[in-house]
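Enquirer: sequence first, predicted model second:
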Amino acid sequence: MNELQIRQAANNIERKETYSYQLAKYKKAMREGFYFEALMIVYAMLEDRLKSFLYYSGALSTRNGKMKICPKTKADLHIILTQEFSEKEAFRMSTITGKMKLIKAIIEWSASVELNEMEASTYMYYLKREMESIDIGGILSVLNELEAWLKYRNEVMHAAMNKNIVALFENLPEKIVHGMEYARYIDSQVKILKKSNKIRKAMKLQNN
């Protein structure tokens with residue numbers, strides 16, 4: 001069983017408290033040279049912002065607990081995702097790369113179709129309309145850069161004990177700052193989707 005061992009933030013107040021605390025810890029870690037802690041916080045923020053992007057895109061049933069593809073939108077998302085990836089690769093939301101794949105597939109699909117081609121009042125119609133409100137080129141560029149950043153992060157976290165110590169820390173602070181920049185940019189796009197929350201409202205999806 002994959003039961004959570006740590007209680008989730010119960011509401012927006014607790015989420016805000018957690019974010020404020022972690023951002024303060026990030027700034028302190030960067031000032032004092034605790035780069036591994038800073039890297040962990042940035043990675044967690046990236047994963048959370050990607051999850052929120054999918055949530056406000058109507059892809060996820062909930063922001064809390066185990067991530068599940070929303071039953072009301074799964075069939076359409078399956079069509080979008082399997083245009084780029086195989087059946088086995090579809091809907092692997094438990095990993096950060098799985099989240100990125102679905103977001104990229106949604107954005108690339110949106111850029112390839114016209115709104116007047118969509119049947120009104122359907123999920124794909126609302127999804128296309130909301131994707132037009134964000135910076136498609138910008139977020140695709142960030143996601144592409146993030147792939148390389150994640151490879152670097154994984155090399156640091158999973159092979160740090162085998163690295164030359166000078167080489168290990170040579171570019172680490174700069175890379176962490178770049179990761180935070182990616183997280184903040186993704187957050188700016190999430191805020192656009194969140195402000196109207198049109199997809200979840202139109203599809204009558206629960207907000208939790």
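Expert: Perfect, I can see it now. Numbering: from 1, shown residues only.
Enquirer: chain center to stretch 100-114: distance?
Expert: Between the centre of stretch 100-114 and the centre of its host chain there is 14 Å, according to C-alpha atoms, centre = their mean, to the nearest Å.
Enquirer: Met100 reaches Leu50, doesn't it?
Expert: Yes. Between Met100 and Leu50 a contact is recorded at 6.4 Å, counting by C-beta atoms under 8 Å. For every residue, glycine as well, the C-beta is placed using N, CA and C.
Enquirer: now Ala202: closest residue in space that isn't a chain neighbour?
Expert: Tyr126 (4.8 Å; C-beta to C-beta, 6 or more residues apart in numbering).
Enquirer: you'd agree that neighbour is up against Lys198?
Expert: Yes. Here Tyr126 reaches Lys198: they are 6.1 Å apart, a contact under C-beta under 8 Å.
Enquirer: distance check, Lys196 against Thr97.
Expert: No, residue 196 isn't Lys; it's Ser. Separation of Ser196 from Thr97 (C-beta to C-beta, to the nearest Å) stands at 28 Å.
Enquirer: neighbours around Arg49, how many?
Expert: Neighbour count for Arg49, taken as other C-beta atoms under 10 Å: 19.
Enquirer: beyond the helix or strand it falls within, next helix or strand please.
Expert: Using DSSP states H and E, the element containing Arg49 is helix 35-56. Downstream of helix 35-56, the next assigned helix or strand under DSSP H and E is helix 74-81.
Enquirer: contacts for that next one next, please.
Expert: 59, 69, 90-91, 101-102, 105-106, 109, 122-124, 127 (C-beta atoms under 8 Å, 6 or more residues apart in numbering).
Enquirer: just say helix, strand or coil for the residue nearest to Ala202.
Expert: helix (DSSP: H, G, I helix; E, B strand; the rest coil).
Enquirer: can you check Ala24 too?
Expert: Ala24 - assigned by three-state DSSP - is helix.
Enquirer: tell me how far it lies from Ala38.
Expert: Distance, Ala24 to Ala38, using C-beta to C-beta: 12 Å.
Enquirer: kindly report the same for Val166.
Expert: Taking C-beta to C-beta as the measure, Val166 falls 19 Å from Ala38.
Enquirer: those two: which is more packed in?
Expert: Under the neighbour definition other C-beta under 10 Å, Val166 and Ala38 were set side by side, and Ala38 has more, 24 against 7.
Enquirer: excluding chain neighbours, what is closest to the more buried one?
Expert: For Ala38, ignoring the flanking residues on the chain, the nearest one in space by C-beta to C-beta, 6+ apart is Ala29 at 4.0 Å.
Enquirer: I'd say that neighbour and Gln22 touch.
Expert: No. Distance between Ala29 and Gln22: 10.1 Å, which falls outside the contact criterion (C-beta under 8 Å).
Enquirer: which strand or helix spans Ser94?
Expert: Under the criterion of DSSP H and E, Ser94 resides outside all helices and strands.
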